[in-house]
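mind looking at a prediction? Sequence and model below.
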Amino acid sequence: MNEVLARARASALPLQDGELLAAVDLGSNSFHMVVARYVLGQLRIVDRLRETVRLAEGLDGKGGLTAPVRQRALECLERFGQRIRDVPPQRVRAIATNTVRQLSAPQTFLLPAETALGHAIEVVSGREEARLVYLGVAHAQPPNSGQLRLVIDIGGGSTECIIGSGFEAIERESLQAGCVASTRRFFGNGKLSKKRWKEALTEVTAEFQQFAGVYRALGWHEVLGSSGTNKAIGDICAAMKLTKGAVTAEALPIVRDRLLQAERIEDIDLPSLSADRKPIIAGGILVLEAAFNALGMQRMAVSKAALREGALYDMLGRGGADDTRDASVAALMQRYGIDSAQAKRVEDTALQLFDQVADAWALDADNRQMLGWAARLHELGLAIAHSQYHVHGAYVLENSDIAGFSQQNQRFLAALVRTHRRNIPKSAFENIPDRLLAAARRSVALLRLAVLMHRSHEADAIPALKLTAAGNKLALTLPKRWLDTRPLLREDLTGEPEDIAGLGIALEIEAD
C-alpha cells in the first residue's frame, strides 16, 4: 500500500482510547471550543474555551465584515489554535454558522480564519446546524424512551427549532432571528419601549408561525433550550425566584416587563445578567417570547449542551457504520431512483483508480470518501431529465439540505457531478475553496474515467486498469483485446484527452 493511502486510511480508523477530539463553534455571538478525550467508548470533556466575539455585529449590510470585528475573530481563533495545535486535523471540526453564511464572499474571511486556527472551517446550513444542536443536547440528556422532545437554540444570528426522538432529529427549522441580530434589527438605536416591543414581537412570532402548525401537530413530551441566551434567561428566572432555572409561560412575561422598565439597553437591570450579555439580551428574550407564543410552549428546561458537543458526537460516527453522510447519500439515491448497481460499478472502478494515484497526487481519506459519494450520485439528475442530467444533479446537490455535509462538502460533490461528463466549464469550480481545488479537479478526472468505463451499463466486470500519475499528467493503460471489442468506449476515450484538458490535466491512453 502506498504511503499517502496508508496515512489516509489510518486517519479514517475508529478512535483509539485516549485520543483527543476538539470542536470549534464560530457562533454569531460567541466562539466556543470544547476539547474531549475518548475514554472507554465515552467522551470526557477536558477543556472548554469561550470568547464573546459578536461576529454578527460586524455585518455591514453589504455582505461584508467590518475590520474591527474581523480582527477580533481572527485573534480569538489564534488563541483557540494554540490550544489544539497537537490535535490531529481529522479529529478537529470547526463549524461556522449564520453570520458566515450571510457573507457575500465568505472565503475572504475563511482563508485567514483557517490560517489563524490551523484547521479547516466548515460552513453549515441552518438545518445542518439544527441537527448538530439536537445531537449535542440529546447526548446530554437522559434517554427519553422514544418520546419526542423539542429543542430551541437561540444563537446570535439565528434560532434553530428541532423536534427529535432519541438521537434522531425529525423536524429541523432555522430562523433568521437571533439575540444579536434581533437586538440590532429592532432596538438598534438602544431605545426600549412597550410599543416597539409589541411590534417586534408580532414580526418574530410570524416567522415561527411558518412551521408552528406542523410542530404543534407532531407534539413533544419536553422542551429543552440550549446555548447561552436560553441559559441566561433561565438564570434570570431563578434569580427572580420565578422558577428553579427553567423558563415558563408565566415567568417569561414577568422577565420581559422587568426588562422594559429600562428605557435604554444600557439601563437594563435584570438579576444575574452578565455585562457581556446585557447588550443583546433584549433580542434573546424577544425571540424566546415569540417561540413560546407561536408554539404554545409552557415550560422549557435548559441544557448545557449545544452545537459544539453535537459536532464531537458526530465525529464519533464518521467513517463507521453510523456515518450520517452515508445515510444521507443512501436517502438521495432512493429518493431519485438512482440505479444502485450501476452506481456501485462506477464507484468501485473510481476507487480502484484512486488507490493507484493517491500517493502521487497527495489525495487523502476525505477525498476518497467524496469521490465514492460522487460516484454513487453521479446519475441523480436523470430523475429530472436525461438532457443535461449532470447539470440538474449538481444543482440538487448544491442547493439541498443534506445531513452531515457542510456547504463546502456539497459544493465539492456538486462540482464532481457537474463535470463528470461533457465539457468542463470554467465556472464549475469557482465555489470550491482553494485548499480543495486541486483535489476536486483530480477527483473529477478519476470519476470521468470510471463513468466512461461503465457507459454501457454492462454487468460484466471490466479487466484491471493501470493508471499512473506524475504532476498533472495521467497515463491509463487498458488491455488492447478487450478495448478492440468495444468501439464506443474506444471512441469516447479518443476524445477524452481533449475534454479532460479543461481540468488542467493531460491524459495519455495506451492499449497493451
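Everything's here; your move.

and this protein, what are its domains?
3-123, 127-310, 323-458 (automatic domain parsing).

quick one: average confidence on the second one?
Confidence over domain 127-310 (mean pLDDT, whole number) is 96.

straight-line length of that domain, end to end?
The stretch domain 127-310 measures 13 Å between its terminal residues, going by CA to CA, to the nearest Å.

export the domains of the chain as CSV, with columns for mean neighbour count.
All C-beta atoms are positioned from the backbone trio N, CA, C, and that covers glycine. Formatted as CSV, these follow (neighbours: other CB atoms under 10 Å):
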stretch, mean neighbour count
domain 3-123, 18
domain 127-310, 19
domain 323-458, 20
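
distance to Arg490 added to those domains, as TSV?
Below are the domains of the chain laid out as TSV (distance: least, CB to CB, whole Å):
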stretch	distance to Arg490
domain 3-123	30
domain 127-310	44
domain 323-458	10
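
wait, which of those domains is closest to Leu316?
Closest approach to Leu316 among the domains of the chain (CB to CB): domain 3-123, 6.8 Å.

and the closest one, average pLDDT?
On average, domain 3-123 scores 90.

what about the nearest residue to Glu379 once chain neighbours are set aside, helix or strand, and which?
Leaving out its chain neighbours, the residue that sits closest to Glu379 by CB to CB, 6 or more residues apart in numbering is Ile338, at 5.5 Å. Using DSSP states H and E, Ile338 falls within no helix or strand.

wait, doesn't Ile338 sit right on Leu380?
Yes - contact status for Ile338 versus Leu380: in contact at 6.0 Å, counting by CB atoms under 8 Å.

just the residues contacting stretch 430-446, thanks.
107, 110-111, 114, 120, 350, 353-354, 357, 361, 363-364, 367, 370-371, 374, 398, 408, 411-412, 415-416, 419-420, 424, 429, 469, 474, 500, 503-505, 507 (CB atoms under 8 Å, 6 or more residues apart in numbering).

out of the domains of the chain, the one nearest Thr485 is which?
The nearest among these, by CB to CB, is domain 323-458 at 11.3 Å.

quick one: end-to-end length of the closest one, please.
From start residue to end residue, domain 323-458 stretches across 30 Å - CA to CA.

what about Val391, which SS state?
Classification of Val391 by DSSP: H, G, I helix; E, B strand; the rest coil places it in helix.

return the residues in contact with it.
Val391 neighbours (CB under 8 Å, 6+ apart): Gly381, Arg418.

pLDDT score for it?
So, for Val391, pLDDT stands at 96.

from Asn409, how far out is it?
As judged by CB to CB, to the nearest Å, Val391 and Asn409 stand 19 Å apart.

ok, now Val417?
Val417 is 13 Å from Asn409, where distance means CB to CB.

can you pull out the strands in the stretch 151-300 of the chain?
Secondary structure of the stretch 151-300 of the chain by DSSP state E, counting those that start in this stretch: the strands cover 159-165, 168-175, 222-226, 247-248, 299-302.

between those, which gets nearest to Gln342?
strand 168-175 (30.3 Å).

Leu382 contacts His390, correct?
No - Leu382 lies out of contact with His390 (CB under 8 Å); the separation is 9.5 Å.

distance of Arg101 from Ser406?
Distance from Arg101 to Ser406, by CB to CB: 11 Å.

shared neighbours of the two, anything?
Shared contacts of Arg101 and Ser406, defined by CB under 8 Å, 6+ apart, comprise Val123.

list residues touching both of Ile338 and Leu380?
In terms of CB under 8 Å, 6+ apart, Ile338 and Leu380 are both contacted by the residues Leu332.

would you list the phi and psi of the residue lying closest to Leu363 once chain neighbours are set aside?
Once flanking residues are discounted, Leu363 sits nearest to Ala439: 6.1 Å by CB to CB, 6+ apart. Main-chain torsions, Ala439, degrees, to the nearest 10: phi -60, psi -40.

Gly166 too?
Taking degrees, to the nearest 10 as the convention, Gly166 sits at phi 60, psi -130.

many thanks, have a good one.
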